[in-house]
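1. Any chance you can model this:
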Amino acid sequence: KLEVRERKFKALPDDSKYKTDAYKTALVQQLMSEDEDERDAEGKLTGCFLTRPWMWASDERNTFIAEVDAQQDPELPKRYTKRVRGPIGKAGLPRIQKVEHRARRWMVSPQWLVDPANKQFDVPAFIVDNGKAWGEPKDPEESVTEKKRIKIEKREYAAKKKIKLDEKVIKKVKGKGKGKGKGKATATAVEEAQPVASSSKVVAEKDGNESSDFE
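-> Purely as a prediction, here's the structure:
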């Protein structure tokens with residue numbers, strides 16, 4: 001379905017408002033609506049696909065997809081299966097690994113999003129900003145990368161601060177333990193106060209999957 005729509009997108013008139021990078025962001029495999037075999041009243045296959053539009057999709061997105069689907073496919077396949085619009089699908093937004101492939105804000109219905117049952121999807125893991133093509137200063141992948149960098153820097157700072165505090169404790173304990181008969185107590189205190197890891201190791205242990213795109 002995506003390949004067909006990509007060809008039809010290119011076939012849009014050059015003066016079409018939809019033939020832009022802004023709208024093209026909706027052409028992502030994971031964001032394509034679900035299809036299933038259509039059956040008649042007796043349960044027999046009709047030879048058509050039943051397409052279920054997403055419940056979460058905005059009018060803007062649905063209008064764009066309808067405009068693309070209305071175009072003639074420049075490369076008609078050898079075997080074509082007719083698609084029939086079916087009832088709206090109830091599935092929620094898909095969680096997509098790559099930030100640039102996630103649903104943009106313009107694609108999601110505001111009415112659907114304000115429903116308390118759907119507030120769980122109003123986070124960057126599911127919905128990202130529209131990006132530069134829509135006049136925003138940054139693309140969503142840039143924003144998420146910057147947030148991740150800040151988070152890592154904060155963790156590294158906290159880890160380094162902890163090590164410095166531990167070193168101060170060790171020096172303090174050593175200074176107090178110079179008196180007679182306090183050697184054993186000092187050794188024990190120093191052992192307990194020893195830093196357990198370098199800053200990089202602490203960061204790695206706290207977040208072992210920094211390469212993930214999920215936020």
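2. In this structure residue 8 contacts residue 67, no?
-> No - with contact defined as C-beta atoms under 8 Å, residue 8 does not count as touching residue 67 (9.1 Å). Using the backbone N, CA and C atoms, a C-beta is placed for each residue, glycine as well.
3. so for stretch 95-110, what's the average pLDDT?
-> For stretch 95-110, mean pLDDT rounds to 94.
4. can you give me the helices in the chain?
-> 2-10, 21-24, 59-69, 110-113, 140-176, 183-193, 199-206 (DSSP state H).
5. Identify each buried residue in the third one, please.
-> What it means is helix 59-69. Judged by neighbour count (16 or more other C-beta atoms under 10 Å), helix 59-69 contains these buried residues: 61-62, 64-65, 67-68.
6. Run through who's touching it.
-> 5, 8-9, 12, 16, 18, 23, 26-27, 33, 53, 57, 106-109 (C-beta atoms under 8 Å, 6 or more residues apart in numbering).
7. Return the helix or strand in the chain with minimum mean pLDDT.
-> helix 199-206 (a mean of 44; mean pLDDT, DSSP states H and E).
8. What ranges in this protein fall below the confidence cut-off?
-> The chain contains residues with pLDDT under 70 at 34-39, 46-47, 49-50, 77-90, 143-158, 160-161, 164, 176-215.
9. of the buried residues of helix 59-69, closest to residue 138?
-> Lowest distance from residue 138 to those (C-beta to C-beta) belongs to residue 61, with 21.5 Å.
10. Can you tell me how far the closest one is from residue 115?
-> For residue 61, the distance to residue 115 equals 18 Å [C-beta to C-beta, to the nearest Å].
11. quick revisit: and which of the buried residues of helix 59-69 is nearest to residue 168?
-> Nearest to residue 168 among these, with distances taken as C-beta to C-beta, is residue 61, at 57.3 Å.
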